[in-house]
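*Asks:* based on what follows, work out the 3D shape:
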Amino acid sequence: LQYILGECEFMGISFKVDPRVLIPRPETELLVETVLNVIKEEEQSGMINGLDIGTGSGNIPIALVKHDPRIRMAAIDVSSGALEVARENASRNNVFSRIEFIKGNVFEWFDQVQTRRFSFIISNPPYIKTGDLAGLPQDVQKEPQNALNGGEDGLRFYEHIVKNAEKVLQPGGSLFFEIGEAQGKSLENLLTRQGSFVNILVNQDYNQRDRIVQAQLKI
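*Replies:* Numbers count the residues shown, from 1 in each chain. The predicted model follows:
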């Protein structure tokens, strides 16, 4: 329906969507709200720089900068088509100057930008197991497969981001993920084994399913 209409609403904001991007989900609003609440609790002053990995329609960085004027975002995606949609959404919501859109493959990007530092990293990466893609509902199968396919175990993107996050994350900075409902323990174990993160939390969605993981890089 959203593709037919050409738009959808996310956190009270209107976004253009088409088959080049994943349709924003209500659960992802919880991810954005978690970041906003953490920033508010920390009472940070001055500019706050964030990184969104796999930005798609741009709904995450756009919602963040519209809800907190201190936030500036970098947003990376491997898809040129998705970035076109994201840039259009940033322009129509009057926040284009506060978001830097970057075309890049996350599996290469971290090694190219080690001079940059961010206050937080946020990502709603592909997390469906490759073997489960064929069993998804027909409407979901019309969405971009590269925005859904999380590899054989669904953890491919998480593993890479966790392994490389400290290259660009400030000491004490935070990492935020949206996850599949059965992945909470796996992500908690992944962050614990990596050894650089503390204050690891797994938060649930409105249906009491594991949905958001947050962690803080050691100072």
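
*Asks:* going by C-alpha atoms from here, please, whenever you check contacts or count neighbours.
*Replies:* Fine.

*Asks:* and V38, helix, strand or coil?
*Replies:* What DSSP: H, G, I helix; E, B strand; the rest coil gives for V38 is helix.

*Asks:* pLDDT weak spots in this protein?
*Replies:* The chain contains residues with pLDDT under 70 at 4, 43, 114, 127-154.

*Asks:* show me where it has its strands.
*Replies:* Assigned strands in the chain, in chain order: 7-10, 13-16, 48-53, 71-77, 99-103, 118-123, 169-178, 197-204, 210-217 (criterion: DSSP state E).

*Asks:* so what's G172 up against?
*Replies:* 216-219 (CA atoms under 8 Å, 6 or more residues apart in numbering).

*Asks:* of those residues, grab the buried ones for PyMOL.
*Replies:* The PyMOL selection below is limited to those of the contacts of G172 classed as buried (16 or more other CA atoms under 10 Å):
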select buried, resi 216+217
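
*Asks:* columns distance to I62 on top of the strands of the chain, output as CSV?
*Replies:* What follows is these, written out as CSV (distance: least, CA to CA, whole Å):
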stretch, distance to I62
strand 7-10, 10
strand 13-16, 9
strand 48-53, 10
strand 71-77, 8
strand 99-103, 8
strand 118-123, 13
strand 169-178, 16
strand 197-204, 23
strand 210-217, 19
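
*Asks:* with E84 as the reference, name the closest of these.
*Replies:* Nearest of those to E84, taken as CA to CA: strand 99-103 at 9.4 Å.

*Asks:* is the most centrally placed residue in the chain in a bridge, and if so with what?
*Replies:* For the chain, the residue nearest the mean C-alpha position is S123 (2.1 Å; CA atoms, centre = their mean). With DSSP bridges as the criterion, S123 is bridged to I53, F177.

*Asks:* against Q194, how distant is R209?
*Replies:* Separation of R209 from Q194 (CA to CA, to the nearest Å): 24 Å.

*Asks:* looking at these two, which is more packed in?
*Replies:* Between R209 and Q194, R209 has the larger neighbour count (other CA atoms under 10 Å), namely 15 against 11.

*Asks:* so that one sits against E181, correct?
*Replies:* Yes: counting by CA atoms under 8 Å, R209 does reach E181; the two are 5.5 Å apart.

*Asks:* show me what contacts V32?
*Replies:* Here V32 is in contact with 60, 63-64 (CA under 8 Å, 6+ apart).

*Asks:* make CSV from those residues and add distance to R92 and neighbour count to it.
*Replies:* Shown next, in CSV, are the contacts of V32 (distance: CA to CA, whole Å; neighbours: other CA atoms under 10 Å):
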residue, distance to R92, neighbour count
I60, 15, 26
A63, 13, 21
L64, 15, 20
